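Novice: 3D, please:
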Amino acid sequence: MISGKSKEIAVYLEASGDDESELDARILCEELSGERLACAAEERAKGKPLALILGHRHFYREDYKVAQGVLIPRADTEILVECAIRFCGASVDCFGDIASIAPPENVPSHIDYADICTGTGCVGISIGNALVRAGTDVSALLTDISDIALDISEQNAKTQCVKGFVPRILRHDILSDGLMRDSLDLIVSNPPYITGKEMESLDREVRDYEPELALFGGIDGLDFYGRIFDKAFDSLRKGGAVMTEHGYHQGSDVRELCKASGFTDVVTVKDYGGNERVTFGRKNAG
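Specialist: Numbers count the residues shown, from 1 in each chain. From the prediction side, this is the model:
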């Protein structure tokens, strides 16, 4: 039950078409008050995402700064973090399809990985934090082409990284630049993958407030995958792995692109909503 000011705002938001009016009203009232609360309610009624209004979004175990011009972290992407932790041998308990990703027989004491198209840095930082907490030494490279994303990811690295974990953050265009680094253990990416048709029917929250640069993946949504897999294959050590998030309907195509770049043990992991979400491939150790 909600009451008082929260109820008043919920009614206002519901009339604007907000499907989560009660929850949004409760969160706004918990974090804001007075004139700031009134302005925030008006912004939310116009479709501005709650995370952008508040300036932060919880993801995995951290709370990340967000800003307009950078993709807002989503719960679906947490499965990418869990797959990476599983592969690195730092996760004991796993559920669903994540169990299909076998960690190496001899778990290394040091993991060297890269997060391509890092955005807020939420994936790369969350992975590193989990590994450090598990006692693993890590080196991490977070890359993006967007100056806004690089700025936000640098701020998040300063506030959200656990003690002793300092990722390197670098501007890099995966579609045109050269190799990132040799002999990586793992490469993860949540690249743009929205198709041309899907771009035409995006919700107003996404269409009006999130960057096309981080969303549009070409007419079929697959523009980035072949390039990522090719570069990953060249950058990974033998036995290393690549993991990419993609749309629920793109699993088959992404698997084929992954195999075409030379990866083996290619599997797609479903998220907790039952949708194909992350495709994994290993660089053959033989």
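Novice: Now the top helix by length along the chain: average pLDDT?
Specialist: Within the chain, and with DSSP state H defining each element, the longest helix by residue count is helix 147-160. What helix 147-160 shows for mean pLDDT is 98.
Novice: Give me the buried positions along it.
Specialist: I148, A149, L150, D151, I152, S153, N156, A157, Q160 (16 or more other Cβ atoms under 10 Å). Yep, even glycine has a C-beta here, placed from its N, CA and C like the rest.
Novice: For the chain, which segments are assigned as strands?
Specialist: For the chain, the strands defined by DSSP state E occupy 56-59, 62-65, 110-116, 137-144, 168-171, 184-189, 236-245, 264-270, 276-282.
Novice: Format those strands as JSON lines; extra columns: distance to S33 and mean neighbour count.
Specialist: As requested, those are arranged in JSON lines below (distance: least, Cβ to Cβ, whole Å; neighbours: other Cβ atoms under 10 Å):
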{"stretch": "strand 56-59", "distance to S33": "17", "mean neighbour count": "19"}
{"stretch": "strand 62-65", "distance to S33": "20", "mean neighbour count": "20"}
{"stretch": "strand 110-116", "distance to S33": "37", "mean neighbour count": "24"}
{"stretch": "strand 137-144", "distance to S33": "35", "mean neighbour count": "22"}
{"stretch": "strand 168-171", "distance to S33": "35", "mean neighbour count": "16"}
{"stretch": "strand 184-189", "distance to S33": "39", "mean neighbour count": "24"}
{"stretch": "strand 236-245", "distance to S33": "37", "mean neighbour count": "22"}
{"stretch": "strand 264-270", "distance to S33": "41", "mean neighbour count": "17"}
{"stretch": "strand 276-282", "distance to S33": "38", "mean neighbour count": "25"}
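Novice: As JSON lines, those with distance to K48 would be great.
Specialist: Output for these, formatted as JSON lines (distance: least, Cβ to Cβ, whole Å):
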{"stretch": "strand 56-59", "distance to K48": "13"}
{"stretch": "strand 62-65", "distance to K48": "16"}
{"stretch": "strand 110-116", "distance to K48": "27"}
{"stretch": "strand 137-144", "distance to K48": "23"}
{"stretch": "strand 168-171", "distance to K48": "27"}
{"stretch": "strand 184-189", "distance to K48": "28"}
{"stretch": "strand 236-245", "distance to K48": "25"}
{"stretch": "strand 264-270", "distance to K48": "31"}
{"stretch": "strand 276-282", "distance to K48": "26"}
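Novice: Serialize these to TSV and add fields for mean pLDDT and distance to I228.
Specialist: Shown next, in TSV, are the strands of the chain (pLDDT from 0 to 100; distance: least, Cβ to Cβ, whole Å):
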stretch	mean pLDDT	distance to I228
strand 56-59	97	21
strand 62-65	98	23
strand 110-116	95	6
strand 137-144	96	11
strand 168-171	96	16
strand 184-189	96	5
strand 236-245	95	6
strand 264-270	95	14
strand 276-282	96	11
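Novice: So which of the ones you listed is nearest L202?
Specialist: strand 236-245 (17.3 Å; Cβ to Cβ).
Novice: Please enumerate residues in contact with the closest one?
Specialist: 76-77, 79-80, 83-84, 87, 104, 183-191, 193, 225, 228-229, 232-233, 254, 258, 263, 277-286 (Cβ atoms under 8 Å, 6 or more residues apart in numbering).
Novice: Direction included, what does it pair up with?
Specialist: strand 184-189 (parallel), strand 276-282 (antiparallel) (DSSP bridges).
Novice: by how many degrees do the longest one and strand 264-270 diverge?
Specialist: Here strand 276-282 runs at an angle of 160 degrees relative to strand 264-270 (axes from the mean of the first three to the mean of the last three Cα atoms, to 10 degrees).
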